[in-house]
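> I need the structure of the sequence given here:
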Amino acid sequence: MNLSQDIANLLRERRQTLCVAESCTGGLVCAEITRTPGASEVFAGGIVCYQSQVKIDQLGVREEDIDQFSAVSSQVAIQMAEGACRLFGADLAIAITGVAGPGPDAQGNAEGLVFIAIAEPSGAHCAQYMIQEPSRELIRKAAVSYALGQLWNAIQS
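Coordinates of the predicted model:
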């Protein structure tokens with residue numbers, strides 16, 4: 001078994017659905033979840049929202065929060081997760097926003113800074129990570145691993 005399969009099995013047992021909102025990972029979380037046979041029973045869908053305007057228009061992220069905190073922040077990650085739940089009508093959501101690099105983003109956020117939010121019926125929460133990997137691709141892959149681990153911990157409790 002793998003973590004994606006374990007997550008799908010637990011969601012199936014609980015009759016819950018999952019959705020994803022991704023920025024810096026560009027669809028890698030969705031790809032990981034959907035490589036599991038039978039994922040369609042629990043996976044409602046996902047959105048890749050690189051541009052801030054897509055976060056605002058599709059997920060309902062507040063523009064003033066992007067302006068105040070930047071698109072790479074816990075405030076935005078939480079709003080992305082909550083907006084994804086609304087958009088897809090799912091029970092749970094994972095949202096990821098961060099800086100995969102190379103180098104810092106236009107707002108000065110460091111390469112490797114990643115926020116991962118989980119929205120669930122009891123509320124939303126976010127964790128911050130500073131991923132120290134030597135390449136953009138490894139930062140993105142590590143962010144996916146952190147996201148799946150954080151989701152696993154959330155649905156087990």
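
> helices of this protein, start to end?
3-14, 28-34, 52-59, 63-69, 74-88, 136-156 (DSSP state H).

> okay, the ones you listed, which one's buried deepest?
Most buried of the helices of the chain by mean neighbour count (mean count of other CB atoms under 10 Å) is helix 74-88; its value is a mean of 23. In short, each C-beta sits where N, CA and C put it, glycine included.

> packing partners for that helix?
Judged by 3 or more CB pairs under 8 Å, 6 or more residues apart in numbering; DSSP states H and E, the packing partners of helix 74-88 are strand 18-22, strand 43-48, helix 52-59, helix 63-69, strand 92-98, strand 113-120, strand 123-130.

> among those, which is nearest residue 143?
Evaluated over the helices and strands packed on helix 74-88, closeness to residue 143 peaks at strand 113-120, with 4.8 Å, by CB to CB.

> tell me the mean pLDDT for the closest one?
For strand 113-120, mean pLDDT is 98.

> try stretch 38-50
For stretch 38-50, the per-residue pLDDT averages 97.

> list the buried residues of it.
Neighbour-count burial for stretch 38-50, counted by 16 or more other CB atoms under 10 Å, picks out 39, 42, 43, 44, 45, 46, 47, 48, 49.

> now do the contacts for residue 21.
46, 47, 49, 59, 80, 81, 83, 84, 93, 94, 95, 96 (CB atoms under 8 Å, 6 or more residues apart in numbering).

> nearest to residue 141 among these?
Set against residue 141, the nearest of the contacts of residue 21 by CB to CB is residue 96 (12.1 Å).

> got the contact list for the closest one?
Going by CB under 8 Å, 6+ apart, the list of residues near residue 96 reads 21-25, 29, 77, 114-117, 143, 147.

> isn't residue 38 up against residue 7?
No: using CB atoms under 8 Å, residue 38 is not in contact with residue 7, being 11.8 Å away.

> so, low pLDDT: which residues of this protein?
1 (pLDDT under 70).

> go ahead and flag the most central residue of it.
Nearest to the mean C-alpha position of the chain, by CA atoms, centre = their mean, lies residue 95 at 2.2 Å.

> okay, and the beta partners of it?
Going by DSSP bridges, residue 95 is paired in beta bridges with residue 21, residue 117.

> circling back to that earlier point, turn the contacts of residue 21 into TSV, including distance to residue 151.
Below are those laid out as TSV (distance: CB to CB, whole Å):
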residue	distance to residue 151
46	13
47	17
49	18
59	18
80	14
81	11
83	17
84	13
93	9
94	5
95	11
96	11
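
> cool, thanks, signing off.
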